[in-house]
Every structure is written in C-alpha cells, then in structure tokens.
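Visitor: 3D model of this:
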Amino acid sequence: MEEQELTYTQAVTELEDLVKKMQDPECSIDNLSEYTKRSKELLDVCRKRLTATDEALKTILQDIEGAQ
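Guide: Take a look at the predicted model:
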C-alpha cells in the first residue's frame with residue numbers, strides 16, 4: 001500500500017504491528033532492517049498527516065477569531 005493511500009489510523013496500526021514483530025524473540029535479524037525502513041516510512045506518513053491537520057485547525061481557529 002502506498003503511503004499517500006494510508007490513513008493516519010492505518011499507519012499507526014501498521015506501526016503497532018511492526019513493533020510487536022520487532023519485539024518478538026522469534027524475530028529474524030534479517031527482517032529488522034526491513035521493519036525499521038517501513039517504520040520510518042509510516043512515521044513520515046503520520047507526521048505529514050498530523051502537520052496538515054494542525055495547519056487546518058489553526059486556519060479554522062483564526063477564521064473563528066476573526067469573525068468575532
């Protein structure tokens with residue numbers, strides 16, 4: 001699934017799954033690099049979505065304050 005198709009909730013859920021896999025004593029050392037790379041991609045998705053939401057909320061609040 002491409003990052004831009006992911007919702008924030010989907011990215012967080014996948015991150016949680018990856019953390020579980022990485023914490024599993026049965027986790028292969030060969031998979032850690034792949035899991036870490038994917039985790040970074042998912043964190044980037046979350047950061048972008050949170051930043052966009054923050055900016056949208058600031059704009060809405062400024063509009064509300066301006067209307068008063």
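Visitor: tell me the mean pLDDT over the longest helix along the chain?
Guide: When the chain is scanned for its longest helix (criterion: DSSP state H), the result is helix 29-67. Helix 29-67 carries an average pLDDT of 95.
Visitor: Output the contacting helices and strands for it.
Guide: helix 8-23 (3 or more Cβ pairs under 8 Å, 6 or more residues apart in numbering; DSSP states H and E). Where you see a C-beta, it was placed from the backbone N, CA and C, and this is true even at glycine.
Visitor: can you pull the buried residues of the helix it packs on?
Guide: 11-12, 14-15, 18 (16 or more other Cβ atoms under 10 Å).
Visitor: burial of Val45, as a residue count?
Guide: Residues lying near Val45 (other Cβ atoms under 10 Å) number 22.
Visitor: now do Lys48
Guide: 14.
Visitor: From the chain's centroid, how far away is stretch 14-34?
Guide: 17 Å (Cα atoms, centre = their mean, to the nearest Å).
Visitor: Go ahead and name everything in contact with it.
Guide: 6, 35-36, 38-39, 42-43, 46 (Cβ atoms under 8 Å, 6 or more residues apart in numbering).
Visitor: what about 10 Å?
Guide: 1, 6, 35-36, 38-39, 41-43, 45-46 (Cβ atoms under 10 Å, 6 or more residues apart in numbering).
Visitor: Tabulate those (JSON lines), appending distance to Glu55.
Guide: Formatted as JSON lines, these follow (distance: Cβ to Cβ, whole Å):
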{"residue": "Met1", "distance to Glu55": "25"}
{"residue": "Leu6", "distance to Glu55": "19"}
{"residue": "Tyr35", "distance to Glu55": "31"}
{"residue": "Thr36", "distance to Glu55": "29"}
{"residue": "Arg38", "distance to Glu55": "26"}
{"residue": "Ser39", "distance to Glu55": "25"}
{"residue": "Glu41", "distance to Glu55": "22"}
{"residue": "Leu42", "distance to Glu55": "21"}
{"residue": "Leu43", "distance to Glu55": "19"}
{"residue": "Val45", "distance to Glu55": "16"}
{"residue": "Cys46", "distance to Glu55": "15"}
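Visitor: Quick one, which of those are buried?
Guide: For the contacts of stretch 14-34, a burial check counting by 16+ other Cβ under 10 Å picks out 6, 35, 41-42, 45-46.
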